[in-house]
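In: sequence first, predicted model second:
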Amino acid sequence: MKKLVGLCLFALMSISAKANNELPSYATTEPAKHGEYLKSLEYSFSKLESTTKDDVLICLADVIENNDKQIIKLDTQKVIVAIGSIRGKGNFIGVVPVIRYNLKVSLNDNNIGMSLYNIKQAMDDEFGNKPETSYSKIGTWKNSGIYKILPVIEKIPNEVNACLNQ
């Protein structure tokens with residue numbers, strides 16, 4: 001019975017994996033022992049003339065969650081680094097990825113650069129158990145789960161940008 005359940009789980013994971021292994025052009029990777037890890041996601045958005053550093057701080061506070069911990073790691077005139085975490089979607093057995101990241105926001109003359117980096121994950125469950133204390137890098141190989149994580153984490157810079165354009 002255990003073998004049958006294991007075989008079914010493997011088959012379902014294989015079917016749900018993305019067919020091609022292409023990452024978006026704005027993703028950078030770093031070498032891993034048997035493939036590559038996700039290193040960062042780089043974004044560039046048009047900047048309104050009226051956008052200030054205070055606007056960015058307000059939007060970061062509005063969008064980013066970090067379990068009631070301080071979210072701002074660095075704050076200079078042109079660069080703000082925030083620390084956040086986000087929960088992904090649970091699978092059919094109740095396991096939920098918890099993704100931790102840094103978001104660097106750079107204010108330039110005509111645009112706002114955003115970089116998600118130090119992106120790591122741990123597993124949680126839907127029953128309230130806390131994630132493992134050891135977060136790990138996210139693999140980019142087939143069946144690594146990256147294609148389920150990308151849509152979740154890509155929401156962050158898009159929501160910050162939408163907040164700045166209100």
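Out: That came through fine. Residues are numbered from 1 along each chain as shown.
In: could you list the alpha-carbon positions for the host helix or strand of residue 112 in CSV?
Out: Secondary structure from DSSP states H and E places residue 112 in strand 111-125. Extracted in CSV, the C-alpha atoms of strand 111-125 (Å, rounded to 0.1, in the frame of the first residue of the first chain):
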residue,chain,number,x,y,z
ASN,A,111,12.4,54.1,-12.9
ILE,A,112,12.2,52.0,-9.7
GLY,A,113,14.3,48.9,-9.7
MET,A,114,13.3,46.0,-7.5
SER,A,115,15.3,42.9,-6.8
LEU,A,116,14.1,39.8,-4.9
TYR,A,117,17.1,37.9,-3.6
ASN,A,118,18.1,35.6,-0.8
ILE,A,119,15.0,33.7,-1.7
LYS,A,120,14.6,30.5,0.4
GLN,A,121,11.8,28.2,1.4
ALA,A,122,10.7,26.0,4.2
MET,A,123,7.7,23.7,4.5
ASP,A,124,4.8,24.4,6.8
ASP,A,125,1.4,22.7,7.1
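In: tell me what that strand is packed against?
Out: strand 35-46, strand 95-107, strand 136-137, helix 146-153, helix 155-164 (3 or more Cβ pairs under 8 Å, 6 or more residues apart in numbering; DSSP states H and E). Backbone N, C-alpha and C define where each C-beta goes, glycine included.
In: adding distance to residue 83 and mean pLDDT, write these out as TSV.
Out: Converted to TSV, these look like this (distance: least, Cβ to Cβ, whole Å; pLDDT from 0 to 100):
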stretch	distance to residue 83	mean pLDDT
strand 35-46	15	97
strand 95-107	6	91
strand 136-137	17	92
helix 146-153	14	92
helix 155-164	12	97
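In: strands paired with the strand holding residue 112, and their directions?
Out: strand 35-46 (antiparallel), strand 95-107 (antiparallel), strand 136-137 (antiparallel) (DSSP bridges).
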